[in-house]
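Student: Kindly generate the corresponding structure for this input.
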Amino acid sequence: MKVLLIAASYAPVRGGLQTIAQTLASSLKLRGHEIRVLTNRYPRALAADERLDEIPVRRWDFLTPELRHLRNLRFDLFLAGLFYFPSTLTRIILLLLRERPDVVNLHFAGAPSLFVLIARLLVTFRLVVSLHGDDVEGLPRRSSFDRVVFRTLLRKADVVTACSQYLLDEAIKFEPAAGPKGLTVRNGIDPLSVPVLNGERRGVIAAGRMFRQKGFDVFLRAHAATASKPHMTLIGDGPERESLERLASSLGLKGEVSFSGQQDRESVLAEMAKAELIVIPSRRESFGMVALEAMALGKPVVASRVGGLPEILKGADALLVEPDEPNTLANAIDTALEKVRGDAAFGLRNREWATHFSARRMVDGYIGAYCQ
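Tutor: As a prediction, this is how the structure comes out:
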(Lines give C-alpha, C1' and ligand atoms only; values in the text may rest on other atoms or scores of the structure.)
Protein backbone atom coordinates (compact mmCIF):
# COMPACT_ATOMS: atom_id res chain seq x y z
CA MET A 1 0.00 0.00 0.00
CA LYS A 2 1.24 3.51 -0.84
CA VAL A 3 0.58 5.94 1.99
CA LEU A 4 1.17 9.68 1.98
CA LEU A 5 1.28 10.71 5.64
CA ILE A 6 0.71 14.46 6.02
CA ALA A 7 1.47 15.65 9.55
CA ALA A 8 1.11 19.17 10.92
CA SER A 9 4.48 18.56 12.59
CA TYR A 10 7.03 15.74 12.47
CA ALA A 11 10.36 14.65 13.89
CA PRO A 12 12.87 15.90 14.87
CA VAL A 13 10.38 18.34 16.45
CA ARG A 14 9.43 16.85 19.84
CA GLY A 15 5.90 16.21 21.06
CA GLY A 16 3.15 13.62 21.27
CA LEU A 17 1.89 14.12 17.69
CA GLN A 18 5.42 13.91 16.30
CA THR A 19 6.19 10.73 18.25
CA ILE A 20 3.00 9.01 17.10
CA ALA A 21 3.40 10.07 13.45
CA GLN A 22 7.00 8.87 13.32
CA THR A 23 6.17 5.58 15.05
CA LEU A 24 3.34 4.98 12.59
CA ALA A 25 5.44 5.81 9.53
CA SER A 26 8.36 3.62 10.66
CA SER A 27 6.07 0.71 11.56
CA LEU A 28 4.22 0.87 8.22
CA LYS A 29 7.54 0.79 6.39
CA LEU A 30 8.67 -2.25 8.40
CA ARG A 31 5.46 -4.00 7.34
CA GLY A 32 6.33 -3.47 3.70
CA HIS A 33 4.20 -0.44 2.87
CA GLU A 34 5.52 2.45 0.78
CA ILE A 35 5.54 5.59 2.92
CA ARG A 36 6.08 9.26 2.15
CA VAL A 37 5.87 12.00 4.77
CA LEU A 38 4.86 15.59 4.08
CA THR A 39 4.92 18.16 6.88
CA ASN A 40 5.31 21.84 7.77
CA ARG A 41 8.74 23.34 7.41
CA TYR A 42 8.90 24.61 10.95
CA PRO A 43 11.29 25.52 12.41
CA ARG A 44 12.67 27.00 9.21
CA ALA A 45 16.14 25.67 10.01
CA LEU A 46 14.98 22.13 9.26
CA ALA A 47 15.93 20.63 5.91
CA ALA A 48 13.35 20.88 3.14
CA ASP A 49 14.02 17.26 2.14
CA GLU A 50 15.66 14.45 4.06
CA ARG A 51 15.31 10.78 4.98
CA LEU A 52 14.40 9.75 8.53
CA ASP A 53 14.24 6.04 9.35
CA GLU A 54 14.83 5.51 5.60
CA ILE A 55 11.55 7.34 4.87
CA PRO A 56 11.47 10.40 2.56
CA VAL A 57 10.35 13.46 4.50
CA ARG A 58 9.38 16.66 2.67
CA ARG A 59 8.84 19.94 4.50
CA TRP A 60 6.83 22.64 2.77
CA ASP A 61 5.43 26.03 3.76
CA PHE A 62 1.69 25.61 4.38
CA LEU A 63 0.91 29.32 4.59
CA THR A 64 -2.29 31.10 3.66
CA PRO A 65 -3.05 34.85 3.44
CA GLU A 66 -5.31 35.54 6.43
CA LEU A 67 -7.20 38.74 7.21
CA ARG A 68 -6.14 38.53 10.86
CA HIS A 69 -2.57 39.13 9.71
CA LEU A 70 -3.67 42.45 8.22
CA ARG A 71 -5.64 43.36 11.35
CA ASN A 72 -2.54 42.62 13.45
CA LEU A 73 -0.36 44.62 11.03
CA ARG A 74 1.62 41.47 10.17
CA PHE A 75 1.96 42.37 6.51
CA ASP A 76 4.98 40.06 6.26
CA LEU A 77 2.85 37.01 7.12
CA PHE A 78 0.06 38.09 4.78
CA LEU A 79 2.47 38.56 1.87
CA ALA A 80 4.18 35.25 2.67
CA GLY A 81 0.76 33.58 2.49
CA LEU A 82 0.06 35.19 -0.89
CA PHE A 83 3.36 33.84 -2.17
CA TYR A 84 3.42 30.33 -0.68
CA PHE A 85 -0.25 29.37 -0.95
CA PRO A 86 -0.40 28.86 -4.76
CA SER A 87 3.12 27.44 -4.78
CA THR A 88 2.47 24.81 -2.10
CA LEU A 89 -0.96 23.96 -3.51
CA THR A 90 0.54 23.35 -6.95
CA ARG A 91 3.29 21.20 -5.46
CA ILE A 92 0.88 19.02 -3.49
CA ILE A 93 -1.34 18.47 -6.55
CA LEU A 94 1.68 17.48 -8.65
CA LEU A 95 2.90 15.19 -5.86
CA LEU A 96 -0.46 13.43 -5.70
CA LEU A 97 -0.59 13.04 -9.49
CA ARG A 98 2.94 11.67 -9.59
CA GLU A 99 2.83 9.35 -6.56
CA ARG A 100 -0.82 8.25 -6.79
CA PRO A 101 -1.01 7.14 -3.13
CA ASP A 102 -3.65 4.62 -2.11
CA VAL A 103 -4.29 6.63 1.06
CA VAL A 104 -3.62 10.16 2.24
CA ASN A 105 -3.55 10.19 6.03
CA LEU A 106 -3.75 13.71 7.48
CA HIS A 107 -2.56 13.83 11.09
CA PHE A 108 -3.85 16.82 13.06
CA ALA A 109 -6.26 19.04 11.18
CA GLY A 110 -4.03 22.10 11.05
CA ALA A 111 -2.33 24.20 8.38
CA PRO A 112 -2.28 21.53 5.60
CA SER A 113 -6.07 20.96 5.82
CA LEU A 114 -7.15 23.59 3.28
CA PHE A 115 -4.50 22.43 0.80
CA VAL A 116 -5.68 18.82 1.11
CA LEU A 117 -9.32 19.81 0.59
CA ILE A 118 -8.61 21.83 -2.55
CA ALA A 119 -6.32 19.14 -3.94
CA ARG A 120 -9.08 16.57 -3.48
CA LEU A 121 -11.28 18.54 -5.87
CA LEU A 122 -8.74 17.85 -8.61
CA VAL A 123 -7.20 14.51 -7.66
CA THR A 124 -8.94 11.33 -6.50
CA PHE A 125 -7.55 9.70 -3.35
CA ARG A 126 -8.77 8.04 -0.18
CA LEU A 127 -8.62 10.49 2.72
CA VAL A 128 -8.21 9.45 6.36
CA VAL A 129 -8.24 12.35 8.82
CA SER A 130 -6.64 11.59 12.19
CA LEU A 131 -7.47 13.87 15.11
CA HIS A 132 -5.04 14.30 17.97
CA GLY A 133 -6.27 16.91 20.43
CA ASP A 134 -6.09 20.66 19.99
CA ASP A 135 -7.33 20.38 16.42
CA VAL A 136 -10.69 19.59 18.07
CA GLU A 137 -10.39 21.09 21.55
CA GLY A 138 -8.98 24.36 20.21
CA LEU A 139 -11.89 25.04 17.85
CA PRO A 140 -13.48 27.75 20.06
CA ARG A 141 -10.27 29.80 19.68
CA ARG A 142 -10.14 29.44 15.90
CA SER A 143 -11.49 31.80 13.27
CA SER A 144 -14.86 31.14 11.65
CA PHE A 145 -13.03 30.30 8.41
CA ASP A 146 -10.86 27.70 10.17
CA ARG A 147 -13.98 26.11 11.65
CA VAL A 148 -15.58 25.93 8.20
CA VAL A 149 -12.45 24.22 6.84
CA PHE A 150 -12.48 21.74 9.74
CA ARG A 151 -16.18 20.96 9.30
CA THR A 152 -15.70 20.45 5.56
CA LEU A 153 -12.70 18.21 6.21
CA LEU A 154 -14.78 15.93 8.46
CA ARG A 155 -17.53 15.79 5.84
CA LYS A 156 -15.21 15.00 2.95
CA ALA A 157 -13.01 12.44 4.75
CA ASP A 158 -13.58 8.76 4.01
CA VAL A 159 -12.62 7.85 7.59
CA VAL A 160 -12.09 10.00 10.69
CA THR A 161 -9.92 8.58 13.44
CA ALA A 162 -9.32 10.01 16.92
CA CYS A 163 -6.81 9.03 19.60
CA SER A 164 -9.58 8.62 22.21
CA GLN A 165 -13.31 8.02 22.26
CA TYR A 166 -13.65 11.29 24.12
CA LEU A 167 -12.00 13.22 21.28
CA LEU A 168 -14.06 11.44 18.63
CA ASP A 169 -17.25 12.29 20.51
CA GLU A 170 -16.21 15.96 20.65
CA ALA A 171 -15.58 15.98 16.89
CA ILE A 172 -18.97 14.38 16.24
CA LYS A 173 -20.67 17.02 18.40
CA PHE A 174 -19.11 19.66 16.15
CA GLU A 175 -19.88 17.82 12.91
CA PRO A 176 -22.35 14.89 13.17
CA ALA A 177 -21.39 13.69 9.66
CA ALA A 178 -18.19 12.33 11.21
CA GLY A 179 -20.17 9.82 13.28
CA PRO A 180 -20.80 7.01 10.77
CA LYS A 181 -17.16 7.05 9.61
CA GLY A 182 -15.56 7.69 13.00
CA LEU A 183 -13.05 5.25 14.45
CA THR A 184 -11.07 5.33 17.70
CA VAL A 185 -7.40 4.47 17.18
CA ARG A 186 -5.67 4.97 20.49
CA ASN A 187 -2.03 5.99 20.60
CA GLY A 188 0.54 3.31 21.24
CA ILE A 189 4.22 3.03 22.05
CA ASP A 190 6.90 0.41 21.63
CA PRO A 191 8.29 -1.27 24.76
CA LEU A 192 10.50 1.23 26.58
CA SER A 193 14.22 0.52 26.80
CA VAL A 194 14.64 2.70 29.91
CA PRO A 195 15.54 0.58 32.96
CA VAL A 196 12.59 0.31 35.32
CA LEU A 197 13.76 1.04 38.86
CA ASN A 198 12.07 -1.28 41.32
CA GLY A 199 14.29 -0.40 44.27
CA GLU A 200 14.89 3.16 45.36
CA ARG A 201 12.09 5.33 44.03
CA ARG A 202 11.90 8.93 45.02
CA GLY A 203 9.78 11.97 44.51
CA VAL A 204 6.87 12.98 42.31
CA ILE A 205 7.12 14.09 38.69
CA ALA A 206 4.87 15.99 36.30
CA ALA A 207 5.98 16.44 32.69
CA GLY A 208 4.73 18.24 29.62
CA ARG A 209 4.58 21.52 27.76
CA MET A 210 3.89 24.37 30.14
CA PHE A 211 0.49 25.62 29.03
CA ARG A 212 -2.40 26.46 31.32
CA GLN A 213 -4.37 23.43 30.14
CA LYS A 214 -1.71 21.17 31.70
CA GLY A 215 -2.62 22.35 35.20
CA PHE A 216 0.90 22.62 36.56
CA ASP A 217 -0.20 25.54 38.73
CA VAL A 218 -2.65 23.14 40.39
CA PHE A 219 0.24 20.72 40.87
CA LEU A 220 2.25 23.38 42.71
CA ARG A 221 -0.69 24.43 44.89
CA ALA A 222 -1.35 20.78 45.71
CA HIS A 223 2.21 20.38 46.99
CA ALA A 224 1.59 23.11 49.55
CA ALA A 225 -1.40 21.09 50.81
CA THR A 226 0.22 17.62 50.94
CA ALA A 227 0.98 15.97 54.26
CA SER A 228 3.85 13.88 52.87
CA LYS A 229 5.66 16.88 51.31
CA PRO A 230 7.48 14.83 48.63
CA HIS A 231 10.06 16.47 46.41
CA MET A 232 8.34 17.46 43.17
CA THR A 233 9.92 17.87 39.76
CA LEU A 234 8.39 19.69 36.79
CA ILE A 235 9.88 18.63 33.44
CA GLY A 236 9.24 20.78 30.39
CA ASP A 237 9.10 24.32 29.12
CA GLY A 238 6.63 26.72 27.61
CA PRO A 239 4.93 30.10 27.98
CA GLU A 240 3.76 29.39 31.54
CA ARG A 241 7.19 28.53 32.95
CA GLU A 242 8.07 31.94 34.39
CA SER A 243 4.68 32.34 36.04
CA LEU A 244 4.97 28.83 37.49
CA GLU A 245 8.39 29.60 38.93
CA ARG A 246 6.98 32.78 40.50
CA LEU A 247 4.07 30.80 41.92
CA ALA A 248 6.45 28.22 43.43
CA SER A 249 8.39 31.04 45.04
CA SER A 250 5.26 32.73 46.41
CA LEU A 251 4.12 29.40 47.90
CA GLY A 252 7.46 29.02 49.68
CA LEU A 253 8.39 25.89 47.75
CA LYS A 254 12.05 26.74 47.19
CA GLY A 255 14.04 23.54 47.54
CA GLU A 256 10.89 21.41 47.44
CA VAL A 257 10.15 21.79 43.73
CA SER A 258 12.62 21.51 40.85
CA PHE A 259 12.17 22.84 37.30
CA SER A 260 14.17 20.60 34.97
CA GLY A 261 13.39 22.42 31.72
CA GLN A 262 12.93 20.89 28.30
CA GLN A 263 14.68 17.56 27.75
CA ASP A 264 14.76 14.93 25.03
CA ARG A 265 12.37 12.02 25.38
CA GLU A 266 15.01 9.58 26.61
CA SER A 267 16.05 11.94 29.41
CA VAL A 268 12.43 12.52 30.44
CA LEU A 269 11.78 8.78 30.60
CA ALA A 270 14.95 8.25 32.61
CA GLU A 271 13.76 10.85 35.13
CA MET A 272 10.30 9.28 35.26
CA ALA A 273 11.87 5.88 35.92
CA LYS A 274 13.33 7.26 39.18
CA ALA A 275 10.03 8.63 40.47
CA GLU A 276 7.68 7.14 43.05
CA LEU A 277 4.67 8.67 41.36
CA ILE A 278 3.69 10.44 38.13
CA VAL A 279 1.10 13.22 38.41
CA ILE A 280 -0.98 14.51 35.47
CA PRO A 281 -2.98 17.52 36.75
CA SER A 282 -4.40 18.55 33.36
CA ARG A 283 -7.46 20.69 32.83
CA ARG A 284 -7.75 19.20 29.32
CA GLU A 285 -6.09 16.08 27.93
CA SER A 286 -7.26 14.45 24.71
CA PHE A 287 -5.25 11.26 25.32
CA GLY A 288 -2.35 11.41 27.78
CA MET A 289 0.96 10.14 26.41
CA VAL A 290 2.69 10.84 29.73
CA ALA A 291 0.19 8.53 31.44
CA LEU A 292 0.92 5.80 28.91
CA GLU A 293 4.67 6.20 29.32
CA ALA A 294 4.30 6.15 33.10
CA MET A 295 2.39 2.87 32.91
CA ALA A 296 4.98 1.37 30.57
CA LEU A 297 7.61 2.26 33.18
CA GLY A 298 5.63 0.57 35.94
CA LYS A 299 4.75 3.80 37.72
CA PRO A 300 1.52 4.57 39.58
CA VAL A 301 -0.37 7.62 38.35
CA VAL A 302 -2.50 10.36 39.86
CA ALA A 303 -4.41 12.18 37.12
CA SER A 304 -7.33 14.48 36.43
CA ARG A 305 -10.57 12.85 35.38
CA VAL A 306 -10.66 14.67 32.04
CA GLY A 307 -10.64 13.86 28.33
CA GLY A 308 -9.09 10.55 27.35
CA LEU A 309 -7.29 9.90 30.66
CA PRO A 310 -10.07 7.78 32.23
CA GLU A 311 -10.08 5.60 29.11
CA ILE A 312 -6.43 4.63 29.32
CA LEU A 313 -6.16 4.50 33.11
CA LYS A 314 -9.31 2.50 33.86
CA GLY A 315 -7.38 -0.75 34.38
CA ALA A 316 -4.26 0.76 35.92
CA ASP A 317 -2.88 1.45 39.39
CA ALA A 318 -4.09 5.04 39.25
CA LEU A 319 -6.13 7.55 41.20
CA LEU A 320 -8.39 9.95 39.29
CA VAL A 321 -9.45 13.32 40.70
CA GLU A 322 -11.53 16.23 39.51
CA PRO A 323 -9.46 18.89 37.72
CA ASP A 324 -8.57 22.28 39.18
CA GLU A 325 -8.90 21.14 42.81
CA PRO A 326 -5.50 21.42 44.56
CA ASN A 327 -6.67 19.99 47.90
CA THR A 328 -8.23 16.94 46.25
CA LEU A 329 -5.08 16.42 44.22
CA ALA A 330 -2.95 16.75 47.37
CA ASN A 331 -4.99 14.07 49.15
CA ALA A 332 -4.65 11.74 46.14
CA ILE A 333 -0.87 12.26 46.05
CA ASP A 334 -0.62 11.43 49.77
CA THR A 335 -2.80 8.33 49.31
CA ALA A 336 -0.83 7.11 46.29
CA LEU A 337 2.52 7.60 48.02
CA GLU A 338 1.23 5.67 51.03
CA LYS A 339 0.26 2.82 48.71
CA VAL A 340 3.65 2.90 46.96
CA ARG A 341 5.54 2.74 50.22
CA GLY A 342 3.34 -0.01 51.60
CA ASP A 343 3.10 -2.20 48.52
CA ALA A 344 6.14 -2.66 46.28
CA ALA A 345 3.92 -3.99 43.50
CA PHE A 346 1.73 -0.90 43.37
CA GLY A 347 2.39 0.68 39.98
CA LEU A 348 4.49 -2.18 38.63
CA ARG A 349 1.25 -3.85 37.52
CA ASN A 350 0.76 -0.95 35.12
CA ARG A 351 3.38 -2.41 32.81
CA GLU A 352 0.96 -5.18 31.88
CA TRP A 353 -1.94 -2.76 31.35
CA ALA A 354 0.26 -0.61 29.09
CA THR A 355 0.53 -3.53 26.63
CA HIS A 356 -3.09 -2.79 25.65
CA PHE A 357 -1.70 0.38 24.04
CA SER A 358 1.15 -1.10 22.01
CA ALA A 359 2.46 0.43 18.80
CA ARG A 360 1.45 -2.77 17.04
CA ARG A 361 -2.19 -2.34 18.02
CA MET A 362 -2.11 1.30 17.01
CA VAL A 363 -0.69 0.50 13.57
CA ASP A 364 -3.25 -2.30 13.11
CA GLY A 365 -5.94 0.29 13.82
CA TYR A 366 -4.62 2.70 11.20
CA ILE A 367 -4.31 -0.04 8.59
CA GLY A 368 -7.90 -0.97 9.35
CA ALA A 369 -8.88 2.66 8.74
CA TYR A 370 -6.99 2.70 5.44
CA CYS A 371 -8.80 -0.42 4.24
CA GLN A 372 -12.26 0.23 5.74
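
Student: Number of residues surrounding Arg246?
Tutor: Residues lying near Arg246 (other Cβ atoms under 10 Å) number 10. C-beta: built from backbone N, CA, C; applies to glycine.

Student: That one sits in which helix or strand?
Tutor: Using DSSP states H and E, Arg246 falls within helix 241-250.

Student: Show me which residues of that helix are buried.
Tutor: Residues Arg241, Leu244, Glu245, Leu247, Ala248 are the ones in helix 241-250 that count as buried (16 or more other Cβ atoms under 10 Å).

Student: Can you list the neighbours in contact with that helix?
Tutor: Helix 241-250 has contacts (Cβ atoms under 8 Å, 6 or more residues apart in numbering) with Met210, Phe216, Asp217, Leu220, Arg221, Leu234, Lys254, Val257, Phe259.

Student: try stretch 338-352
Tutor: With contact meaning Cβ under 8 Å, 6+ apart, stretch 338-352 is reached by 196, 198, 201, 228, 276-277, 294-301, 316-318.

Student: Write the ChimeraX selection for whichever of those residues are buried.
Tutor: Selection of buried members from the contacts of stretch 338-352 for ChimeraX, criterion 16+ other Cβ under 10 Å:
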select :201,276,277,294,295,296,297,298,299,300,301,316,317,318
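
Student: Mark which of the contacts of stretch 338-352 are part of strands, please.
Tutor: Leu277, Val301, Ala318 (DSSP state E).

Student: all strands of the protein, in order?
Tutor: Under DSSP E, the chain gives strands at 2-7, 34-40, 49-52, 55-60, 103-107, 126-131, 159-162, 182-184, 204-207, 232-235, 257-261, 277-280, 301-304, 318-321.

Student: need these in JSON lines with distance to Leu329, can you?
Tutor: Compiled in JSON lines, these are given as follows (distance: least, Cβ to Cβ, whole Å):
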{"stretch": "strand 2-7", "distance to Leu329": "34"}
{"stretch": "strand 34-40", "distance to Leu329": "36"}
{"stretch": "strand 49-52", "distance to Leu329": "39"}
{"stretch": "strand 55-60", "distance to Leu329": "40"}
{"stretch": "strand 103-107", "distance to Leu329": "32"}
{"stretch": "strand 126-131", "distance to Leu329": "28"}
{"stretch": "strand 159-162", "distance to Leu329": "27"}
{"stretch": "strand 182-184", "distance to Leu329": "28"}
{"stretch": "strand 204-207", "distance to Leu329": "11"}
{"stretch": "strand 232-235", "distance to Leu329": "12"}
{"stretch": "strand 257-261", "distance to Leu329": "14"}
{"stretch": "strand 277-280", "distance to Leu329": "7"}
{"stretch": "strand 301-304", "distance to Leu329": "7"}
{"stretch": "strand 318-321", "distance to Leu329": "5"}
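
Student: Redo those as JSON lines? Include mean pLDDT.
Tutor: Below are the strands of the chain laid out as JSON lines (pLDDT from 0 to 100):
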{"stretch": "strand 2-7", "mean pLDDT": "98"}
{"stretch": "strand 34-40", "mean pLDDT": "98"}
{"stretch": "strand 49-52", "mean pLDDT": "96"}
{"stretch": "strand 55-60", "mean pLDDT": "98"}
{"stretch": "strand 103-107", "mean pLDDT": "98"}
{"stretch": "strand 126-131", "mean pLDDT": "98"}
{"stretch": "strand 159-162", "mean pLDDT": "98"}
{"stretch": "strand 182-184", "mean pLDDT": "98"}
{"stretch": "strand 204-207", "mean pLDDT": "96"}
{"stretch": "strand 232-235", "mean pLDDT": "95"}
{"stretch": "strand 257-261", "mean pLDDT": "94"}
{"stretch": "strand 277-280", "mean pLDDT": "97"}
{"stretch": "strand 301-304", "mean pLDDT": "98"}
{"stretch": "strand 318-321", "mean pLDDT": "98"}
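
Student: Return the angle between stretch directions for the longest helix anywhere in the chain and strand 2-7.
Tutor: Looking across the chain with DSSP state H, the single longest helix is helix 75-99. Inter-element angle recorded for helix 75-99 and strand 2-7: 170 degrees (by axes from the mean of the first three to the mean of the last three Cα atoms, to 10 degrees).

Student: Can you list the buried residues in helix 75-99?
Tutor: Those would be 77-78, 80-81, 84-85, 88-89, 91-93, 95-96, for helix 75-99 by 16+ other Cβ under 10 Å.

Student: Ok, stretch 249-265 next?
Tutor: Leu253, Glu256, Val257, Ser258, Phe259, Gln263.

Student: Can you give the distance of stretch 18-27 from its chain's centre?
Tutor: 12 Å (Cα atoms, centre = their mean, to the nearest Å).

Student: I'd like the mean pLDDT over the helix holding Arg246, please.
Tutor: Average pLDDT, helix 241-250: 96.

Student: Stretch 136-155 now?
Tutor: Here the average pLDDT along stretch 136-155 is 95.

Student: Pull out the buried positions in it.
Tutor: Val136, Glu137, Leu139, Asp146, Val149, Phe150, Arg151, Leu153, Leu154.

Student: again, but for stretch 37-53
Tutor: Neighbour-count burial for stretch 37-53 [16+ other Cβ under 10 Å]: Val37, Leu38, Thr39, Asn40, Arg41, Leu46.
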